[in-house]
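> Structure for this input, please:
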Amino acid sequence: MLILRSSLFVLLALSAPALLAQEACFNGIDDDGDGLIDLNDSTDCNCLNSLNIGGDESLIPNPSFEDFDCLPSSWSELSCASGWEQATQPTSDYFNTASFYPAIFPQPPPDGAGLAGGYMFPGWQEYLGACLTGPMLAGQQYSITFNIAATATDGVFSAVVPIYFGPVEVTIFGLANCVPFPVNTVDCPVGVGWTELGSVSYTPSNTWSTINITFTPTFDVAAIILGSPCDLPPDYVTDPQGFNPYFFFDGLQLGEDVPYHAPIDQHRDPATTGREVRVVDTHPVADRGVHAARDRGAGALEDGSLRRRWWRIVHLDRAGRGQGADGTPAGVDRPH
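Numbering: from 1, shown residues only. From the prediction side, this is the model:
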């Protein structure tokens, strides 16, 4: 027994560095040995959260569902996630990989252990609801960016089938006051006094992606609901086997949307074989100035204190040709 325990200890000691290795998102090194560097390792370095875009400034409490009052053990437990509520009568869900997240669902979650989800079909539209940490002001432009994935599952999350439904307008609704949840409807909340603020078309996939809704409220908004549009497409129905459209949400960042337009000053970084790109912010606010982005094949922004919602992220190849992180030409502004 002693020999076995000693052998086990040696094995664990030798494997500890590999087990503990974690991708550092701004050093140009493949720290965890998975072949992906910095923000290219999207599993370990979610762009929005690595840069703390939104972060403490997000108007949504607990935007990645990491804080909880209880761990979920089954469906219909969104209220376990601190700051979140079942928005309407249909029972939206909270998942946490520490306790309840079926393996048949998209893996792994994109932003930590917690996430939320809900069905979208007529007569049972499940929404997420939250009171904001501060109001969205009338006439100001705002943006909500979040991770999303979809599946077709049964009513008890025991099985899935291939996605059989097409694009849908994922929609955000607002209310001037923070009211008790859930609101009394099984359908779209517009019928009980909420206002549609904006939407974006999303093509369902069981692979995680990031989408953005930009909108300008006409009144001060104190609470939001996110999820299904009021009018669902005709293919959003229960299939003959009893499966329904289901959507997952994570990493919701909400804040004032400030379009970014800035000149780019490029010069060689003597410390590396890559290039350094200085992004100069022309916005007059004093705390927004010059920030650096170094590309060593990863295109990772180094300054974790950046506070913008719009960024110009530029890759420079070894010949000095620039292109955006998504392959678009250098100098194209886009949300990130």
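> measure the closest residue to Asp111 other than its chain neighbours to Ser209 for me?
In space, Asp111 comes closest to Gly251 once its chain neighbours are excluded; the distance is 3.8 Å by CB to CB, 6 or more residues apart in numbering. No exception for glycine: its C-beta is placed from N, CA and C like everyone else's. As judged by CB to CB, to the nearest Å, Gly251 and Ser209 stand 11 Å apart.
> for Leu132, same thing?
Distance from Leu132 to Ser209, counting by CB to CB: 25 Å.
> Kindly report the same for Thr185.
29 Å.
> How about Pro102?
Distance from Pro102 to Ser209, by CB to CB: 20 Å.
> What of Cys80?
26 Å.
> Show me which of these two is the more surrounded one.
Between Cys80 and Ser209, counting by other CB atoms under 10 Å, Cys80 is the more crowded of the two (20 against 13).
> residues touching that one, list them.
Phe68, Asp69, Cys70, Leu71, Pro72, Tyr94, Asn96 (CB atoms under 8 Å, 6 or more residues apart in numbering).
> Can you tell me which of the residues you listed are classed as buried?
Phe68, Pro72, Tyr94, Asn96 (16 or more other CB atoms under 10 Å).
> if you look at these, which of them are in helices?
Per DSSP state H, helices hold no members of the buried ones among the contacts of Cys80.
> just for the protein, where's the confidence low?
Applying pLDDT under 70 to the chain flags residues 1-28, 38-57, 258-336.
> where exactly do the helices run in it?
Using DSSP H, helices in the chain cover 2-20, 47-50.
> Met120: neighbouring residues, count only.
Neighbours of Met120 (other CB under 10 Å): 24.
> Ala98: neighbouring residues, count only.
Using other CB under 10 Å: Ala98 sits among 11 other residues.
> Beta-bridge partners for the closest residue to Val200 other than its chain neighbours, please?
Leaving aside its chain neighbours, Val200 sits nearest to Ile213 (4.8 Å; criterion: CB to CB, 6+ apart). Beta-bridge pairing of Ile213, defined through DSSP bridges, involves Ile144.
> check contacts around Ile213.
Ser143, Ile144, Val170, Thr171, Ile172, Leu197, Gly198, Ser199, Val200.
> Of those residues, which is the nearest to Gly112?
Ile144 (18.2 Å; CB to CB).
> can I assume the closest one is in contact with Gln253?
Yes - applying CB atoms under 8 Å, one finds Ile144 in contact with Gln253, separated by 6.9 Å.
> where do the contact lists of those two overlap?
What both Ile144 and Gln253 touch, as defined by CB under 8 Å, 6+ apart, is the set Ile60.
> Between those two, which has more neighbouring residues?
Taking neighbours as other CB under 10 Å, Ile144 and Gln253 compare with Ile144 leading, 28 against 25.
> Next one: the more buried one from Cys80, what distance?
For Ile144 relative to Cys80 (CB to CB), the value is 22 Å.
> how many other residues sit next to Phe248?
22.
> no wait, Phe181
Neighbours of Phe181 (other CB under 10 Å): 19.
> which residues does it contact?
Counting by CB under 8 Å, 6+ apart, Phe181 touches Glu85, Gln86, Ala87, Gly129.
> who wins for neighbours among those?
If you rank the contacts of Phe181 by neighbour count (other CB under 10 Å), Ala87 sits at the top with 27 neighbours.
> Tell me who's in contact with it.
Tyr127, Leu128, Gly129, Phe181, Pro182, Val183, Pro189, Ile225, Gly227.
> how about a cut-off of 7 Å?
Tyr127, Leu128, Gly129, Phe181, Pro182, Val183, Ile225 (CB atoms under 7 Å, 6 or more residues apart in numbering).
> Serialize those to a markdown table and add fields for distance to Thr153.
Shown next, in a markdown table, are the contacts of Ala87 (distance: CB to CB, whole Å):
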| residue | distance to Thr153 |
| --- | --- |
| Tyr127 | 18 |
| Leu128 | 17 |
| Gly129 | 22 |
| Phe181 | 24 |
| Pro182 | 22 |
| Val183 | 25 |
| Ile225 | 22 |
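> among the residues you listed, which two are most distant?
Leu128 and Val183, at 12.5 Å, using CB to CB across the contacts of Ala87.
> For the two, indicate the residue with more neighbours.
Using other CB under 10 Å as the criterion, Leu128 and Val183 rank with Leu128 on top: 29 against 22.
> Give the bridge partners for that one, please.
Beta-bridge partners, per DSSP bridges, of Leu128: Gln86, Leu226.
> picking up where we left off before, is it true that the residue nearest to Asp111 touches Asn147?
Yes - using CB atoms under 7 Å, Gly251 is in contact with Asn147, at 4.6 Å.
> Could you pull out the residues contacting both of these two?
With CB under 7 Å, 6+ apart, Gly251 and Asn147 have common neighbours Pro110, Asp111.
> Once you drop chain neighbours, what's closest to Gly155?
Closest residue to Gly155 apart from its sequence neighbours, by CB to CB, 6+ apart: Gly242 at 7.0 Å.
> can you check Pro162 too?
Using CB to CB, 6+ apart, the nearest residue to Pro162 is Ala152, at 6.9 Å.
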